[in-house]
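S.K.: pasting a predicted model and its sequence here:
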Amino acid sequence: MGDPEPVAPGGGPDEMVRPSPVREAIVSIVVAVATIVVIAGVSVALFLTPQWVAFEQARSGAATLTGYPTAEVDRVTGEVLHDLVVGPPAFAETVAGQAVFNERERSHLVDVRSVFGGFGLLVLIGAIILIAVGLATRGGRAFRRGAGVGALILAAGIVIGGLISAVAFDQAFETFHELFFAGGTYTFDPLSDRLVQLFPIQFWEETSLAVGAVILLLCAIVSLWALRPRADR
């Protein structure tokens with residue numbers, strides 16, 4: 001779809017025709033959207049690891065806030081990540097025989113699992129689209145243009161979002177939750193609720209910054225690849 005095709009019999013042997021501009025535009029748009037989703041998904045997945053979470057929890061003082069030993073914080077967090085990514089989403093973690101999360105916290109975690117699952121499905125679909133279109137077009141002009149444009153759009157969005165978060169992170173965090181969760185289901189007391197003690201605001205600030213940095217790096221790599229000169233351009 002992105003490479004020249006020979007003309008029908010009757011044309012000169014060296015004559016070539018370009019595919020329809022509309023067809024190329026559709027390919028580029030589909031690839032751009034898929035690129036945005038896949039880059040975002042890969043970047044988020046890199047931080048859904050016990051190693052990163054333990055590092056950030058240590059920085060944000062989760063053990064002090066919860067009153068749990070660091071080993072227990074790591075164990076509970078590992079189980080939460082398993083419930084989020086693998087399931088089933090029970091979130092029935094305990095420490096010294098006591099439930100870590102109350103009913104509202106477990107309900108919110110189940111909602112988070114649903115959002116993660118939906119996003120993961122979109123990333124999978126996006127990856128399949130990129131592979132299929134890339135093979136069909138042999139990484140041709142329309143494919144590369146779409147990937148480059150998608151990467152640039154995502155990078156611009158991350159920069160704008162980062163500037164907003166730098167001056168109003170709490171409001172940006174609240175707006176994000178309003179988009180995906182019902183009102184009143186995601187507000188917790190940091191003095192008593194373990195969920196926000198295990199994952200305090202510093203955790204989210206620094207993790208968001210790290211995810212954004214990785215997204216920008218991947219966007220730069222994809223953009224440079226898309227702009228690399230090729231014979232069919």
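M.R.: Here it is on my side, so go on.
S.K.: only C-alpha atoms for contact and neighbour calcs from this point on.
M.R.: Fine.
S.K.: mind checking how far Ala210 is from Arg104?
M.R.: According to CA to CA, to the nearest Å, Ala210 and Arg104 sit 29 Å apart.
S.K.: ugh, wrong one, I meant Val115
M.R.: Distance, Val115 to Arg104, using CA to CA: 17 Å.
S.K.: next: Phe169.
M.R.: 24 Å.
S.K.: and what of Tyr186?
M.R.: Distance of Tyr186 to Arg104, computed by CA to CA: 8 Å.
S.K.: Phe203 contacts Phe55, doesn't it?
M.R.: No - using CA atoms under 8 Å, Phe203 is not in contact with Phe55, being 9.5 Å away.
S.K.: how about the helices in this structure?
M.R.: Using DSSP state H, the helices assigned to the chain run over residues 21-45, 50-60, 62-66, 70-85, 103-137, 141-180, 194-198, 201-227.
S.K.: mind putting the ones you listed in a markdown table, mean neighbour count and mean pLDDT included?
M.R.: Formatted as a markdown table, the helices of the chain follow (neighbours: other CA atoms under 10 Å; pLDDT from 0 to 100):
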| stretch | mean neighbour count | mean pLDDT |
| --- | --- | --- |
| helix 21-45 | 19 | 94 |
| helix 50-60 | 17 | 95 |
| helix 62-66 | 19 | 95 |
| helix 70-85 | 18 | 94 |
| helix 103-137 | 17 | 94 |
| helix 141-180 | 18 | 91 |
| helix 194-198 | 22 | 95 |
| helix 201-227 | 17 | 94 |
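S.K.: using TSV, lay out those together with distance to Gly97.
M.R.: What follows is the helices of the chain, written out as TSV (distance: least, CA to CA, whole Å):
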stretch	distance to Gly97
helix 21-45	31
helix 50-60	22
helix 62-66	15
helix 70-85	12
helix 103-137	16
helix 141-180	31
helix 194-198	15
helix 201-227	27
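S.K.: out of the ones you listed, nearest to Glu93?
M.R.: Glu93 lies closest to helix 70-85 among the helices of the chain, at 6.3 Å (CA to CA).
S.K.: quick one: list the elements packing against that closest one.
M.R.: If contacts are counted by 3 or more CA pairs under 8 Å, 6 or more residues apart in numbering; DSSP states H and E, helix 70-85 sits against helix 50-60, helix 62-66, helix 103-137.
S.K.: same for the last one, what does it pack against?
M.R.: Think helix 103-137. With contacts taken as 3+ CA pairs under 8 Å, 6+ apart, helix 103-137 sits against helix 21-45, helix 70-85, helix 141-180.
S.K.: now the second one
M.R.: Under the contact criterion of 3+ CA pairs under 8 Å, 6+ apart, helix 62-66 touches helix 70-85, helix 194-198.
S.K.: how about JSON lines for the ones you listed, with distance to Gly120 added?
M.R.: JSON lines is the format used below for these (distance: least, CA to CA, whole Å):
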{"stretch": "helix 70-85", "distance to Gly120": "10"}
{"stretch": "helix 194-198", "distance to Gly120": "23"}
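S.K.: for Ile153, find the nearest of those helices.
M.R.: Closest to Ile153 of the helices and strands packed on helix 62-66, according to CA to CA: helix 70-85, at 28.1 Å.
S.K.: gap between the closest one and the chain center?
M.R.: Chain-centre distance of helix 70-85: 21 Å, with CA atoms, centre = their mean, to the nearest Å.
S.K.: now that helix against helix 21-45, angle please.
M.R.: Angle of helix 70-85 versus helix 21-45, following axes from the mean of the first three to the mean of the last three CA atoms, to 10 degrees, is 150 degrees.
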